[in-house]
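Q: Sequence and predicted model, in that order:
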Amino acid sequence: MKPTRAIFGFHAVLARLRADPASVTEIYLGEDRKDARAKDLALAAEKAGVSLMRVPTKRLDGFYGGGRHQGVVAMAFEKPARESLEDLLDSVKEAPLLLVLDGVTDPHNLGACLRVADAAGAHAVIAPKDRAAGISTTVSRVASGAAESVPYYMVTNLARTLDELKERNVWIVGADERADKTLYESDLPAATAWVLGAEGEGVRRLTRERCDLLVRIPMRGSVESLNVSVAAGVCLFEARRRRAAA
């Protein structure tokens, strides 16, 4: 069985080594990388029993077409399917905090959203299969390791999934610029699934109708909207702030 995926960058490679070292078959490290990060990676690879080879940087460029690999590339097996969303929610020890992306198809935006979700301690990111970017090398690179640590579920029917979350007493809160109340004026329940759409298009009508609450992020300047990853950060960290205050 051959490795089916290349992982680029120190954050992503280290995250995979920590989360699932058995899936990493070999690591290629640029000969010119002799700094502290390279030494830390070499130690982590040795501890995990993973072969690490020093190679010319040009060889690494061949893996990624000259892109930003930071001097390290790992070859790994595709991770097996995660536990189901239902099983994950059953195992969560606190009120669920989820991020739902409706129509986010740009891999850079998805990678940034996964990074934000990881930083805020979101339990999972959910997206519809027909309107979402999948996990790719670009997503992994932008996510800086979060693609390896944050559960990402692509569901067949987003509306049904939102209904199932409601049955678990998870509130569906949509970020919508047309909402009457701002994020800071609204009461937010502890168990929350934040729904955000792609920049410009926003949340689809059918998805918006499933929301228990709609809020908007107050905009003070001349721009009309935020990048979806920035908006996700505002919403998730506000939810975390309120939990801490409570």
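A: Sure thing, it's come through. Numbers count the residues shown, from 1 in each chain.
Q: switch to C-alpha atoms for all contacts and neighbour counts from now on
A: Fine.
Q: Can you list the buried residues in the lowest-mean-pLDDT helix or strand in the chain?
A: Least confident element among the helices and strands of the chain, by mean pLDDT, DSSP states H and E: helix 57-64 (a mean of 73). Neighbour-count burial for helix 57-64 flags 57, 59-61, 64 (criterion: 16 or more other CA atoms under 10 Å).
Q: Pull out the CA atoms of the helix or strand following that helix and give them to me as PDB.
A: For helix 57-64, the following helix or strand on the C-terminal side (DSSP states H and E) is strand 72-76. Provided in PDB are the C-alpha atoms of strand 72-76 (Å, rounded to 0.1, in the frame of the first residue of the first chain):
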ATOM      1  CA  VAL A  72       9.800  19.800   4.800                       C
ATOM      2  CA  VAL A  73       7.500  17.300   3.100                       C
ATOM      3  CA  ALA A  74       6.000  14.100   4.700                       C
ATOM      4  CA  MET A  75       4.500  11.200   2.900                       C
ATOM      5  CA  ALA A  76       1.600   9.700   4.700                       C
END
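Q: just checking, next helix/strand downstream of strand 72-76?
A: The C-terminal neighbour of strand 72-76 among helices and strands, as given by DSSP H and E, is helix 85-91.
Q: That next one: which residues count as buried?
A: Buried residues in helix 85-91 (16+ other CA under 10 Å): 85, 89.
Q: Return the distance of that helix from the chain's centre.
A: Mean-position distance between helix 85-91 and its chain equals 18 Å (CA atoms, centre = their mean, to the nearest Å).
Q: and the following helix or strand past that helix, which residues are buried?
A: Moving toward the C-terminus from helix 85-91, the next helix or strand (DSSP H and E) is strand 97-102. Going by neighbour count (16+ other CA under 10 Å), the buried part of strand 97-102 is 97-102.
Q: Can you check the pLDDT for P3?
A: Note on P3: pLDDT of 51.
Q: And A232, by the same measure?
A: On the pLDDT scale, A232 gets 97.
Q: Am I right that it is in a helix?
A: Yes: per DSSP: H, G, I helix; E, B strand; the rest coil, A232 lies within a helix segment.
Q: shouldn't it be in contact with R115?
A: No: between A232 and R115 there is no contact, the gap being 10.3 Å when judged by CA atoms under 8 Å.
Q: burial measure for R216, as a count.
A: 20 (other CA atoms under 10 Å).
Q: Enumerate every residue touching it.
A: 175-183 (CA atoms under 8 Å, 6 or more residues apart in numbering).
Q: give me that answer again for 7 Å
A: Counting by CA atoms under 7 Å, 6 or more residues apart in numbering, R216 touches 175-179, 181-183.
Q: buried residues in stretch 222-240?
A: 225, 228-229, 231-240.
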